[in-house]
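> A structural model of the following input is requested.
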Amino acid sequence: MAVENQPDTMFAGNRHVLRWNSITNDGGTILDLTGRVVKFALTQLSSAGVPLATPLLSFSSGGASPQVTVPNPATGTPHVLVELLPANTATLAARSTVYYGELEVFEGSSPTNPVVVATILLTIKPNVSNP
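Just a heads-up that it's a prediction; the model follows:
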C-alpha cells in the first residue's frame, strides 16, 4: 500500500537523503526488492495542487553511481534511500516551494509493471549564502 504525501523539508543546494522503510505491496506484505528497479521523480505542483507530469528530477537504482539505493533488498525490512545532491536542488527554489515526489518499484531490470509505493510533499526552502 502506498504511503502518500509524507511531508519533508530541506534547504536548496544542500545534500538531503530521503528514506523509506518497509516498502510494501497493496496487501501490506513487505516487498523483496532483489532484482527490482526503484525510481524516484520530483515535479512541481500546479496551482490547483496537482502534480505536473514532467519531472524536474528523475533517478533510478542501478548504474555506476545511483542516487536511489536499496542497501539490503532481501532483508526482513528492505528500505530505499534517495540522495538529493546540492546541484540537484540549487536552482529549484527562489522561495519556499512544495514539490511532489513519487517512488516507484518495477518488476525487474527491464522496467515493467510499475507500482507507486510512496509519495512525498517536499518543501525546498531558500538557502542564504554565507561567505
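
> Can you tell me the SS state at residue 87?
Of the three states, residue 87 takes helix under DSSP: H, G, I helix; E, B strand; the rest coil.

> quick one: contacts of stretch 85-104?
Around stretch 85-104, the neighbours that count as contacts under CB atoms under 8 Å, 6 or more residues apart in numbering are 10, 12-16, 18, 20, 38-45, 51, 56-57, 67, 80, 82, 114-126. Glycine gets a C-beta too; all of them are placed from N, C-alpha and C.

> Recalculate using a threshold of 7 Å.
With contacts defined as CB atoms under 7 Å, 6 or more residues apart in numbering, stretch 85-104 is touched by 10, 12-15, 20, 38-45, 51, 56-57, 80, 114-126.

> Next, the distance between the ends of it.
End-to-end distance for stretch 85-104, by CA to CA, to the nearest Å: 20 Å.
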